[in-house]
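Chemist: need a 3D model of the sequence below.
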Amino acid sequence: MLVVDDDYFVVKALEQKIDWKSLAIEEVYSAYNVSQAREILRRYSVHVLICDIEMPQGSGLELLAWIREEHYAVQAIFLTNYADFNYAQKAIELQSFDYFLKPIEFDKLTLIIQKAAAKANEQRLKEEAVRSGYLWEKNRNKLAEHFWRKLIAERAVPPGPAAIAGWIADDHLSYEMTDGFRPLLINMYPGDRSLAGKDKDLFDYSFLNVLTELLRDCSITVETVLEYKDFNWVAILRWSEGAESSSIESACASFIDRANQYLKCDVCCSVAVPCRLDAIHQVFRQSVDMNDELIKRRNRIYFLDGLRQPEAVYVPPDLARLEEWLVRNEPAAFLRATSDYLHGLARTGGLNASVLRLFRLDIVQLVYAFLKEREIQAHRLYQGRLNDQLFMRSLNSLEDMEQYLDYLVRTAAEHRSFTDRPGSVVERIKRYVRDHCGDDLTRTGLAEVVYLNPDYLARLFKKETGVSLGTYIIQTRIKTAKHLLESTNLAVTTIARKVGYSNDSHFSKFFKQNVGATPHEFRKARQQPRAT
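Modeler: Okay, the predicted model is just below:
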């Protein structure tokens with residue numbers, strides 16, 4: 001590794017804050033300008049370069065151009081203070097590995113360095129394989145991945161023994177129909193702090209690194225690891241007849257700990273039954289169905305061969321009691337009761353996806369009915385991406401359902417508290433009308449601002465202010481128009497548009513009705529002559 005930066009403190013920070021040994025980097029060289037960097041590159045074998053772009057005695061881009069001219073096999077990571085497209089474009093042209101903006105986030109930079117080092121090793125091994133004539137061995141993993149994707153892909157009719165044997169022969173794979181395998185399903189639950197939301201590719205790379213390292217230590221061959229849907233993976237393990245399930249359990253437990261720590265991610269591991277090659281398609285599909293039906297606790301390990309249970313019967317919670325907590329505006333008590341109910345079902349084996357789906361339906365209907373009684377439009381209150389995401393994830397695990405319930409109930413309680421203060425509702429509507437008087441303002445549109453029934457909002461507004469909502473809108477528009485006529489030289493037509501009137505004659509008519517003069521007469525009477 002070579003670190004190049006004209007800032008002494010940046011170089012020292014990189015040297016001291018990154019655990020180079022854990023990245024299998026044996027030597028770290030440092031340079032403070034391009035000239036020093038060239039000398040190091042001539043004398044030593046450098047595989048990865050971290051380099052500032054802007055330096056007084058030559059830029060990082062110039063250094064990389066020289067490296068490419070000299071045909072040095074170096075993976076370059078650029079650091080810069082500026083998100084300049086021209087820099088990025090030039091870096092891409094010079095085949096840089098990555099482009100990283102300061103200030104440095106050491107956790108993310110460490111993962112990028114790890115990935116660059118892996119690519120450097122891959123390139124070195126590829127060159128050795130070509131020299132040795134064993135290039136096919138490097139392609140084996142890709143051939144195996146292609147084989148397993150075809151084998152376990154969702155199909156109406158699973159592939160027969162003849163088709164499987166043909167694929168094995170075509171790809172020169174060393175499998176027999178009698179070989180034993182065991183699918184391991186892995187559900188990832190990325191947290192807000194994980195890389196998944198920022199860089200899915202980097203997250204996947206880190207996940208695969210952690211997983212394969214642990215499974216490699218447990219005397220089980222990992223044939224391939226495939227993502228069959230977002231954040232849902234299957235690892236195909238070659239399984240001998242005398243293999244112990246405890247070795248998988250131990251490896252999964254270690255993987256869960258490391259995923260929590262390094263990937264900032266919760267995990268569930270579900271171990272399928274061992275099977276022969278010709279049965280793995282069926283076992284995989286059945287395991288996915290069982291895993292989807294299973295309501296899991298995060299960071300747990302499940303053995304699917306021991307989870308076949310009689311179909312659970314849904315017995316709803318005490319809905320009347322839950323409604324009472326809503327009426328009394330005690331969301332914490334409501335959530336404690338639902339959490340106790342769910343955990344009780346989980347302990348007795350009475351919880352599966354079907355039961356949880358019916359439970360969710362009851363709770364949503366209960367909350368929506370409660371809001372409707374208070375003239376709150378629940379379908380508007382809960383529209384949006386956050387609601388959709390939490391709703392869709394709510395069947396994934398107990399924790400996901402609890403998170404959705406917390407959002408559902410606390411949102412209802414907060415808006416109920418807001419609408420219980422009519423003055424606050426009216427003030428928000430008044431403020432919205434003032435800020436948007438040029439827009440098409442309707443009773444229905446304004447009701448959506450506070451998620452209330454339009455008729456109820458109209459009655460509430462009249463009761464609190466003494467004027468109708470429509471009258472208030474006209475008054476606000478006329479007041480704004482008067483201010484613009486007095487303080488600006490804008491044309492009357494322009495002012496009409498700004499206060500929500502597309503028809504000039506309608507604007508003049510309403511203005512005269514309210515003010516007693518036309519807009520032109522009002523301006524002439526009120527606008528002071530300017531000093532010369």
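
Chemist: could you pull out the strands for the stretch 51-200 of the chain?
Modeler: Along the stretch 51-200 of the chain, the segments classed as strands by DSSP state E, counting those that start in this stretch run 75-80, 98-101, 180-190.

Chemist: deepest-packed of these, please.
Modeler: With neighbours defined by mean count of other Cβ atoms under 10 Å, none of those is more surrounded on average than strand 75-80, at a mean of 23. Where you see a C-beta, it was placed from the backbone N, CA and C, and this is true even at glycine.

Chemist: distance between that one and the chain's centre?
Modeler: Taking the mean C-alpha point of strand 75-80 and that of its whole chain, the gap between them comes to 26 Å (Cα atoms, centre = their mean, to the nearest Å).

Chemist: strands paired with it, and their directions?
Modeler: Partner strands and pairing direction for strand 75-80 (DSSP bridges) are strand 48-52 (parallel), strand 98-101 (parallel).

Chemist: by mean pLDDT, show me the worst of those strands.
Modeler: Ranked on mean pLDDT, the bottom entry among the strands paired with strand 75-80 is strand 98-101, at a mean of 70.

Chemist: alpha carbons only: can I get that strand in CSV?
Modeler: As requested, the backbone C-alpha atoms of strand 98-101 are provided in CSV (Å, rounded to 0.1, in the frame of the first residue of the first chain):
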residue,chain,number,x,y,z
ASP,A,98,-12.7,4.4,-6.4
TYR,A,99,-13.2,8.1,-5.7
PHE,A,100,-13.6,9.2,-2.1
LEU,A,101,-14.6,12.6,-0.8
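
Chemist: where in the chain is the helix or strand with the lowest mean pLDDT?
Modeler: helix 85-93 (a mean of 59; mean pLDDT, DSSP states H and E).

Chemist: so how far is K509 from V515?
Modeler: Per Cβ to Cβ, to the nearest Å, V515 is found 11 Å from K509.

Chemist: who has more neighbours out of those two?
Modeler: Set side by side, V515 and K509 give different neighbour counts by other Cβ atoms under 10 Å, the larger being at V515 (16 against 13).

Chemist: run through who's touching stretch 269-277.
Modeler: Taking contacts as Cβ atoms under 8 Å, 6 or more residues apart in numbering, the residues outside stretch 269-277 that touch it are 164, 175-187, 239, 243, 245, 248-249, 252, 255-256, 282-284, 287, 290-291, 294, 296, 300-305.

Chemist: filter the residues you listed down to just the buried residues.
Modeler: By neighbour count, with 16 or more other Cβ atoms under 10 Å, those hold 164, 175, 181-187, 239, 243, 248, 252, 255-256, 283-284, 287, 290-291, 294, 296, 301-302, 304 as buried.

Chemist: quick check: buried residues in stretch 396-411?
Modeler: By neighbour count with 16+ other Cβ under 10 Å, stretch 396-411 contains the buried residues 396-402, 404-409, 411.

Chemist: I'd like those residues as JSON lines, with pLDDT, secondary structure and distance to L326 appended.
Modeler: Formatted as JSON lines, the entries for these read as follows, by pLDDT from 0 to 100; DSSP: H, G, I helix; E, B strand; the rest coil; distance: Cβ to Cβ, whole Å:
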{"residue": "N396", "pLDDT": "86", "secondary structure": "coil", "distance to L326": "26"}
{"residue": "S397", "pLDDT": "89", "secondary structure": "strand", "distance to L326": "25"}
{"residue": "L398", "pLDDT": "92", "secondary structure": "helix", "distance to L326": "22"}
{"residue": "E399", "pLDDT": "91", "secondary structure": "helix", "distance to L326": "23"}
{"residue": "D400", "pLDDT": "92", "secondary structure": "helix", "distance to L326": "22"}
{"residue": "M401", "pLDDT": "95", "secondary structure": "helix", "distance to L326": "18"}
{"residue": "E402", "pLDDT": "95", "secondary structure": "helix", "distance to L326": "17"}
{"residue": "Y404", "pLDDT": "96", "secondary structure": "helix", "distance to L326": "16"}
{"residue": "L405", "pLDDT": "97", "secondary structure": "helix", "distance to L326": "12"}
{"residue": "D406", "pLDDT": "97", "secondary structure": "helix", "distance to L326": "14"}
{"residue": "Y407", "pLDDT": "96", "secondary structure": "helix", "distance to L326": "15"}
{"residue": "L408", "pLDDT": "97", "secondary structure": "helix", "distance to L326": "11"}
{"residue": "V409", "pLDDT": "97", "secondary structure": "helix", "distance to L326": "8"}
{"residue": "T411", "pLDDT": "96", "secondary structure": "helix", "distance to L326": "12"}
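
Chemist: which of those residues lies closest to Q16?
Modeler: Q16 has its nearest neighbour among those in E399, at 37.9 Å by Cβ to Cβ.

Chemist: contact partners for that closest one?
Modeler: Applying Cβ under 8 Å, 6+ apart, one finds that E399 lies in contact with Y189, D266, R297, R298.

Chemist: if we use 7 Å, what do you get?
Modeler: When the contact criterion is Cβ atoms under 7 Å, 6 or more residues apart in numbering, the partners of E399 are R298.

Chemist: next, work out how far apart it and A481 are.
Modeler: Counting by Cβ to Cβ, the gap between E399 and A481 amounts to 55 Å.

Chemist: again with S508
Modeler: In this structure, S508 and A481 are separated by 10 Å, where distance is defined by Cβ to Cβ.

Chemist: compare the two (neighbour count), which wins?
Modeler: Comparing S508 with A481 by other Cβ under 10 Å, the one with more neighbours is A481, at 25 against 17.

Chemist: how about the residue nearest the centre of the chain, nearest residue that isn't a chain neighbour?
Modeler: In the chain, the residue lying closest to the centroid (Cα atoms, centre = their mean) is G197, at 4.0 Å. Spatially, and ignoring its direct neighbours in sequence, G197 is nearest to P190 (6.8 Å; Cβ to Cβ, 6 or more residues apart in numbering).

Chemist: just the pLDDT for that neighbour.
Modeler: According to the model's per-residue confidence, P190 sits at a pLDDT of 86.

Chemist: would you map out the domains in this structure?
Modeler: 2-130, 176-306, 319-419, 422-526 (automatic domain parsing).

Chemist: among those, which comes closest to K142?
Modeler: Each of the domains of the chain has some distance to K142 by Cβ to Cβ; the shortest is domain 176-306, at 9.7 Å.

Chemist: can you give the distance of that closest one from its chain's centre?
Modeler: From the chain centre to the centre of domain 176-306 is a distance of 21 Å (Cα atoms, centre = their mean).

Chemist: isn't the residue nearest to G197 up against A196?
Modeler: Yes - contact between P190 and A196 holds when scored by Cβ atoms under 7 Å: they sit 3.5 Å apart.
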